[in-house]
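Student: Dropping the sequence and predicted coords here.
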Amino acid sequence: MRKLWSTLAVAALVLATAQAQAATLPFTGALSISLAGLAPLTANGTGNATATLDGNHISSLAISASPFNAVGVVVPITDPAAAPIKGIQATLHNAAGAFSGATLAGTMSVNGVTKVCLFKACSNATANLSVPLSVVGAGGTIAVPPGTTTASIHVTVVGAPWTAGTAAVGTVTVMGFQHGPASATSSTAANSGAVRLVTPIFVSTDIGPSAVVPGFGFLDLHFVPEPGTLLLLGSGVAGLVMFGRSKRS
């Protein structure tokens, strides 16, 4: 029996050491952009993230470019309170991203543009307001002078890095998170673990009622380990148990 426990202890140590190294985490998820509290534009995607693990805790996470992309996605706006906005249209994709820290944070720019359709639906808008996205999730400021868009309005967009903590535009805030199936950050990389990263988007315009337009980006990742990985882990434990039994006999 003592030999069995010794064997299991050594195996656990080897497994823990391996888990502290880089790992590939398959995911499903979505990249969403919401402006002025309106319904978000969403690009769904799947891919593999490269993570550094300490057990099932994620200490760093990297995502390749473009698992999330959308072309000409339209969200109609029917709420009279949102006038003159009648719709939002976007073409976008994510650049490569890298996040780290006890609370995951880092940069991943969103490449593309959001078009705010004014007065009529996007298919027949009488004026459009283009909101560039390149600083979203990366940080910095981009200004679009009057005449550059179909609506002659000065637009400035200020972006910031992503965080699993709190993002704020003025007094408006949203929360990110990172947790596993047991709602603990130490199990984020486990089956059904999830990460939500958020980033603030500050938009200012020459339009009096919309001089400041708060917006937010949301990056949601849901980790789904490959079936082969689970099968390998299960067979490894079973093999250790059988090895212990054979040593006892």
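Tutor: Yep, that arrived. Numbers count the residues shown, from 1 in each chain.
Student: Give me the spatial nearest neighbour of the residue nearest in space to the middle of the chain, chain neighbours excluded.
Tutor: In the chain, the residue lying closest to the centroid (Cα atoms, centre = their mean) is L219, at 1.9 Å. Closest residue to L219 apart from its sequence neighbours, by Cβ to Cβ, 6 or more residues apart in numbering: L197 at 4.3 Å. (Each C-beta comes from the backbone N, C-alpha and C, glycine too.)
Student: for A43, same thing?
Tutor: A70 (3.8 Å).
Student: what's in contact with the strand or helix carrying the one you found?
Tutor: In the assignment (DSSP states H and E), A70 maps to strand 69-76. In this structure, residues lying in contact with strand 69-76 by Cβ atoms under 8 Å, 6 or more residues apart in numbering are 38-43, 45, 86-94, 121-123.
Student: After it, which helix or strand is next? Please name it.
Tutor: Using DSSP H and E, the next helix or strand after strand 69-76 towards the C-terminus is strand 85-94.
Student: Indicate each strand paired with that next one and its parallel or antiparallel sense.
Tutor: With DSSP bridges as the test, strand 85-94 is paired with strand 69-76 (antiparallel), strand 110-118 (antiparallel).
Student: weakest of these by average pLDDT?
Tutor: Ranked by mean pLDDT, these bottom out at strand 110-118, with a mean of 90.
Student: which element follows it toward the C-terminus?
Tutor: strand 127-132.
Student: Type out the ChimeraX command that picks the buried ones from the contacts of strand 69-76.
Tutor: In ChimeraX, the members of these classed as buried (16 or more other Cβ atoms under 10 Å) are selected with the following command:
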select :38,40,41,42,43,45,86,87,88,89,90,91,92,93,94,122
